[in-house]
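Novice: just a sequence and a predicted model for now, questions to come.
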Amino acid sequence: MDTSTPPAHPVPNDPPHDSPDSPYDLLGVGIGPFNLSLAALAEPVPGLRTLFCDQRPEFRWHHGMLVDGARMQVPFLADLVSLVDPTNPWSFLNYLRAQDRLFPFYFAERFQLPRREYDHYCRWAADRLPNCRFGTEVTALHRDGPLYRVELTDTATGRRTTVRARNLALGVGTRPVLPEAFAALADHPRAFHSAEYLDRRADLAGARDITVIGSGQSGAEVFLDLLRRHEGDGIRLRWLTRTRALAPMEYSKLGLEHFTPDYTRYFHGLPGPVRDALVSAQWQLHKAASAETLAEIHDHLYERTIGRPIDSAPVEITPGTAVTEARPGPCGGLELRCRHTDSGAEHVLRTDAVVLATGYRAARPAALAPLADLIDWDESGRYRVDLDHRVATRPGLTGGLYVQNAELHTHGVGAPDLGLGAHRAAVILNAVTGRTVHRLPGRTAWTGFAPPVAGVPGGSAVPSVPSVPSMPDVPNISKTANTPNVPDSAHSQHSQHSQHGATPEQTPVVPRPQELTRAATVGR
């Protein structure tokens, strides 16, 4: 971490930087793993004033899917900070030390953590980070000159306060998706999303036929949990998926290089229609179930049917089947109208309960409504996001607006991946401060994703970019009142390409004009 450069100068006429009334340099809306990573990497930075707010009373991460035995799909190094700064006190290894679990973890010899342990680790950090405030809802975001005016509500007392911030980071997470075909079951007591599975598993009591929808990791884990809980009791379990095969998630070492900053930069530079097509085509990189979970399902069924015919177990696994309509049955239960993908044949399936493992979608926070007209939305109503994860805005909005896990369409399959969370947080911090707070590598993958570039050693598809040297006497351009409304592309180039041999004697890269920045954001 570079701590030699003093903090950027405040906006003229601001209160002193250490005053309780001074603007926050960065205010985070929502505290999930990604904004928690940003809080953890920002907390040790001298002179940086940050606040992260969440309306929930405490940190909770996919609490409905903390099923016994479920493991993370990323190694433990994909914690809040380690892939950027392993010496940071909020690392997973430091958590183990605080819990006196280093030796048990050492002997466990498992790279992937139990999901419950990852949740507990995040709670440990969230409870101790001084810049995290739970029970505080961000109710509205307004423009206030070069700053943001942020309205906060204490969820326990209803007390309202207002603070100001120079930059915002939206980390509100994603929301469960209820497919249109299941709209008629939205309030049914025995039809719910897998996000609520542990909270509503008791609602399945008495059901003699249970159907799980969805081929991803959540669907596989719910189905496996139901198999273990209902062995030998005669309850029929069914797993339906639209995908033609229960193919495992891509987990080869070179395949995982799609989750590197190198691939993110490549993907970001593609035309928008190409990016959209790639996200759909790459489902096996980020939506499939793990090979281990699929193997556990097979192993369970194998042992369950020893000495008996395979079809003796009341279990159905049917890929390549789409549910086109779902409704309450006339005689109780539920009716699912299905279509077989390959043959086109249709049939009606009757079941007592449905668990929808149908994924999640990025959501726009309601607090953003006052700023909606100042955001430069793309043709599909999505954020235009530059490489620094800064949203393109109209000229009237000059404060930085950053997003986390809402840029799948601009940054690719790595956007929701925990393995890139710390890197993204560091990129945002470098952009907000206007200097290299966290040094980031210039090359992170063996794979070259684009055609060779003439004149680049080794034919690298990611050419180097001149860096911006640290300049202690230059105010932070992202915080000054006269800043043009451009994402801090110069700072991202410094932070992401400082390993390509650029020196302080090179000409600094200056921010590009607004229209050029916007064009770069959409990959034109």
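Specialist: Received the coordinates, thanks. Since this is a predicted model, take the numbers as computed values, not measurements.
Novice: what ranges do the strands span in the stretch 151-300 of the chain?
Specialist: 160-165, 167-170, 174-176, 191-193, 209-213, 236-240 (DSSP state E, counting those that start in this stretch).
Novice: please convert the ones you listed to JSON lines, extending it with mean pLDDT and distance to residue 73.
Specialist: In this view, the C-beta of every residue, glycine as well, is placed from N, C-alpha and C. Compiled in JSON lines, the strands of the stretch 151-300 of the chain are given as follows (pLDDT from 0 to 100; distance: least, Cβ to Cβ, whole Å):
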{"stretch": "strand 160-165", "mean pLDDT": "98", "distance to residue 73": "34"}
{"stretch": "strand 167-170", "mean pLDDT": "98", "distance to residue 73": "24"}
{"stretch": "strand 174-176", "mean pLDDT": "94", "distance to residue 73": "16"}
{"stretch": "strand 191-193", "mean pLDDT": "97", "distance to residue 73": "19"}
{"stretch": "strand 209-213", "mean pLDDT": "98", "distance to residue 73": "19"}
{"stretch": "strand 236-240", "mean pLDDT": "97", "distance to residue 73": "19"}
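Novice: residue 345 is nearest to which of those strands?
Specialist: Closest to residue 345 of the strands of the stretch 151-300 of the chain is strand 236-240 (Cβ to Cβ; 14.4 Å).
Novice: which strand or helix spans the residue lying farthest from the centre of the chain?
Specialist: Most distant from the centre of the chain: residue 307, at 45.5 Å, with distances by Cα atoms, centre = their mean. For residue 307, there is no helix or strand it lies in under DSSP states H and E.
Novice: from residue 242, how far out is it?
Specialist: Look at residue 307 and residue 242: by Cβ to Cβ, to the nearest Å, they are 35 Å apart.
Novice: same deal with residue 133?
Specialist: 41 Å.
Novice: ditto for residue 357
Specialist: 12 Å.
Novice: quick one: secondary structure of residue 420?
Specialist: helix (DSSP: H, G, I helix; E, B strand; the rest coil).
Novice: so it touches residue 264, yeah?
Specialist: Yes: here residue 420 reaches residue 264: they are 7.1 Å apart, a contact under Cβ atoms under 8 Å.
Novice: quick check: neighbours shared by these two?
Specialist: Common contacts of residue 420 and residue 264, defined by Cβ atoms under 8 Å, 6 or more residues apart in numbering, comprise residue 414.
Novice: mind listing the helices for the protein?
Specialist: Remark: helices assigned in the chain by DSSP state H are 33-42, 92-98, 102-108, 115-128, 197-200, 217-229, 261-268, 272-281, 283-286, 291-304, 408-411, 421-433, 489-497, 514-521.
Novice: looking at these, which one has the lowest mean pLDDT?
Specialist: Lowest mean pLDDT within those: helix 514-521, a mean of 28.
Novice: can you name the residues that contact residue 323?
Specialist: Here residue 323 is in contact with 179, 181, 182, 213, 240, 336, 337, 338 (Cβ under 8 Å, 6+ apart).
Novice: with neighbour count as extra columns, can I get the residues you listed in JSON lines?
Specialist: Converted to JSON lines, the contacts of residue 323 look like this (neighbours: other Cβ atoms under 10 Å):
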{"residue": "179", "neighbour count": "16"}
{"residue": "181", "neighbour count": "18"}
{"residue": "182", "neighbour count": "22"}
{"residue": "213", "neighbour count": "27"}
{"residue": "240", "neighbour count": "23"}
{"residue": "336", "neighbour count": "24"}
{"residue": "337", "neighbour count": "15"}
{"residue": "338", "neighbour count": "19"}
